[in-house]
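Q: pasting the sequence and the predicted model now:
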Amino acid sequence: MKNPDRFSLINPKKIPFFYGYMVLVFGSIGVLASIPGQTVGVSVFTDPVKDALGLSRNQFSNAYMFGTLLSAFFVARAGVLFDRFGARYVAFFSAFCLGISLLLCSKSVFISNAIKELLVTHSWIVPFVVITLLFFAIRFFGQGVLTMSSRNMIMMWFDKNRGKINAISSITVSLGFSSAPIFINYLIDGYGWEKSWQILALCLFVFSVLVIQFYRNNPEDFGLQPDGGVTNTTTKKETKVEKHFTLKEAKQTRAFWMIGLTLAFNSFFVTGFTFHVISIFGSQDYTKSQAIAVFLPISVIAIITSTICNVLSDYINHKVYLYTMLIAGILASIGLLFLEYNFGVYLLIFGLGVFGGLFAVVNAVTWPRYFGRRHLGAITGKVMSFLVIASAIAPSLFSYCFTVLGSYSNISYLTGAFLLFLIIASAKVKNPQ
């Protein structure tokens, strides 16, 4: 890159400490900035926005599904752009565009009514199409591109200490995501859903300026090495030989598919469970407060698991994590199947907590460790499309099991069979390095 400091007042070479720690701080903030495009950030707006648009809950949910699915087809391409232009410009573009998308969301009723007048119609299809396209935008720029570019940038600046650094980032992100619904709900109660989206948009515009100032693509652009130090002849000899897989080469390995599908399963199960959590527990005569209360122990278990396993990830074979995730998925599925019993609730909480904690480790640390850093954007972009597709179809499949088959627990037979396939198919997984 000709000028990695272009448009910035910050020179990493003149910072009195390793600049990777600045990358850790602002990269973690970048993941948090994606919250308005994540399910946890969108769900709080569901009731007021659907009512304002005149859509039913099913219509609003389907718009979210179609918008999310549409974004999945473009996320992989964004990964290629990450490899070409770097985290700095890709993250700036995604943060700025996410802010614009939120402004448009705040005007969705006005846009919908204007189109209705132009077409001389009162059909629900107009607001449905409008909000679907807006969901596509916030899911693509938020959940997809901004999250991927921020997380990948952190991993590019560390190697031997990648797990420890990801532990710090994961704790910060987990706490932020856990408290986000409370903060957003406070904004909506105080300012209304339109103003709330505008406030979040303003925050993203400010953050996009910080991206240009503090984001940096990789340490080599400044004569540095991952984890710190200066590039020289001696260190080059001591550096281990690492193969940088292209996306095509990565897709030819069993590890890519098994890890990718396992992460996608987590996205599927967690999204479906979260989307219907009140109804799931309500079907077993639990109250709304009891249903929401399960997220606290799940978060605690996830943070503990993530912290311990991130630190250990610098020293142990990541295949252990893959199988632990699959076993945790089995426990969560059994817990959902027997939710009417206390042990079922405990298994569900424990399984989701462990799976979620390891997801934060594997999705960040394993990809550069297995496939190198040079084409990390293309590889993680492809995997992100798996996750987005899984999160899009989950709410509908969970709903189908309840409305047609009579119980949410029936989804456990599907998830159990899929996990059994992954356990068998993962037996021969090995580190491609």
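A: Structure received. Numbers count the residues shown, from 1 in each chain.
Q: make it CA atoms for all contacts and neighbour counts henceforth
A: OK.
Q: Gly99 against Ala201, yeah?
A: Yes. The pair Gly99 and Ala201 passes the contact test of CA atoms under 8 Å, sitting 4.1 Å apart.
Q: of the two, who's got more company?
A: Gly99 (28 against 25; other CA atoms under 10 Å).
Q: got a list of what Asp159 touches?
A: Pro226, Asp227, Arg369 (CA atoms under 8 Å, 6 or more residues apart in numbering).
Q: which of those tops the neighbour count?
A: Going by other CA under 10 Å, Arg369 tops the contacts of Asp159 with 23 neighbours.
Q: on the three-state scheme, it is what?
A: Put simply, Arg369 is helix when judged by DSSP: H, G, I helix; E, B strand; the rest coil.
Q: domain ranges for the chain, per the record?
A: 12-237, 241-427 (automatic domain parsing).
Q: quick one: the strands in this protein?
A: Read by DSSP state E, the chain holds no strands at all.
Q: now it, which segments are flagged as low pLDDT?
A: Counting by pLDDT under 70, the chain has low-confidence residues at 1-2, 229-241.
Q: mind listing what the residue in it sticking out farthest from the centre touches?
A: The C-alpha centroid of the chain is most remote from Val120, which lies 40.0 Å away (CA atoms, centre = their mean). By CA under 8 Å, 6+ apart, no residues touch Val120.
Q: and it, how far is that from Trp197?
A: Note on Val120: its distance to Trp197, by CA to CA, to the nearest Å, is 29 Å.
Q: returning to that earlier point: make a markdown table from the contacts of Asp159 and add distance to Phe338 to it.
A: Formatted as a markdown table, these follow (distance: CA to CA, whole Å):
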| residue | distance to Phe338 |
| --- | --- |
| Pro226 | 47 |
| Asp227 | 46 |
| Arg369 | 38 |
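Q: what's the closest of those residues to Pro181?
A: Proximity of the contacts of Asp159 to Pro181 (CA to CA) peaks at Arg369, which lies at 33.4 Å.
Q: ok so, going back, so which of the domains of the chain is nearest Arg6?
A: domain 12-237 (8.4 Å).
Q: so how far is that closest one from its chain's centroid?
A: 9 Å (CA atoms, centre = their mean, to the nearest Å).
Q: then stretch 290-309?
A: That offset, for stretch 290-309, works out to 17 Å (CA atoms, centre = their mean).
Q: tell me which residues in it are buried?
A: Buried residues in stretch 290-309, counted by 16 or more other CA atoms under 10 Å: 291, 295, 298-309.
Q: could you dump those into CSV and include distance to Ala63?
A: Shown next, in CSV, are those (distance: CA to CA, whole Å):
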residue, distance to Ala63
Ala291, 25
Phe295, 26
Ile298, 29
Ser299, 29
Val300, 32
Ile301, 33
Ala302, 30
Ile303, 32
Ile304, 36
Thr305, 35
Ser306, 33
Thr307, 36
Ile308, 39
Cys309, 37
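Q: who are the contact partners of Ser313?
A: So Ser313 contacts Gly163, Val361, Val365 (CA under 8 Å, 6+ apart).
Q: CSV for the domains of the chain, including distance to Gln433?
A: As requested, these are exported to CSV (distance: least, CA to CA, whole Å):
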stretch, distance to Gln433
domain 12-237, 14
domain 241-427, 6
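Q: for Pro4, which of those is the nearest?
A: Going by CA to CA, the one of the domains of the chain nearest Pro4 is domain 12-237, 6.8 Å.
Q: for Ile316, give me phi and psi.
A: The phi and psi values for Ile316, taken as degrees, to the nearest 10, are phi -120, psi 170.
Q: how far away is it from Leu352?
A: Per CA to CA, Ile316 is found 23 Å from Leu352.
Q: more crowded one of these two?
A: Leu352 (30 against 11).
Q: which residue packs closest to that one, ignoring adjacent ones?
A: Ala332 (5.9 Å; CA to CA, 6 or more residues apart in numbering).
Q: same question, Pro297
A: Nearest non-adjacent residue to Pro297 (CA to CA, 6+ apart): Ile349, at 6.9 Å.
Q: burial count for the residue nearest to Leu352?
A: Ala332, neighbours per other CA under 10 Å, totals 28.
Q: residues contacting it?
A: Leu347, Leu348, Ile349, Phe350, Gly351, Leu352.
Q: among those, which are in helices?
A: The helices, defined by DSSP state H, take in Leu347, Leu348, Ile349, Phe350, Gly351, Leu352 from those.
Q: ok, the fifth one to Phe269 distance?
A: Read that as Gly351. 11 Å.
Q: next one: Gly282
A: 18 Å.
Q: what's near enough to touch the closest residue to Val300 other than its chain neighbours?
A: Take Val300 and drop its neighbours on the chain: the residue closest to it by CA to CA, 6+ apart is Gly353, 7.4 Å away. Residues near Gly353 by CA under 8 Å, 6+ apart: Pro297, Ile298, Ser299, Val300, Ile301, Ala302, Thr305.
Q: and Ile330, how far from Leu103?
A: Ile330 is 41 Å from Leu103, by CA to CA.
Q: out of those two, which sits in the busier spot?
A: Neighbour totals were compared for Ile330 and Leu103, and Ile330 leads with 24 against 20 (other CA under 10 Å).
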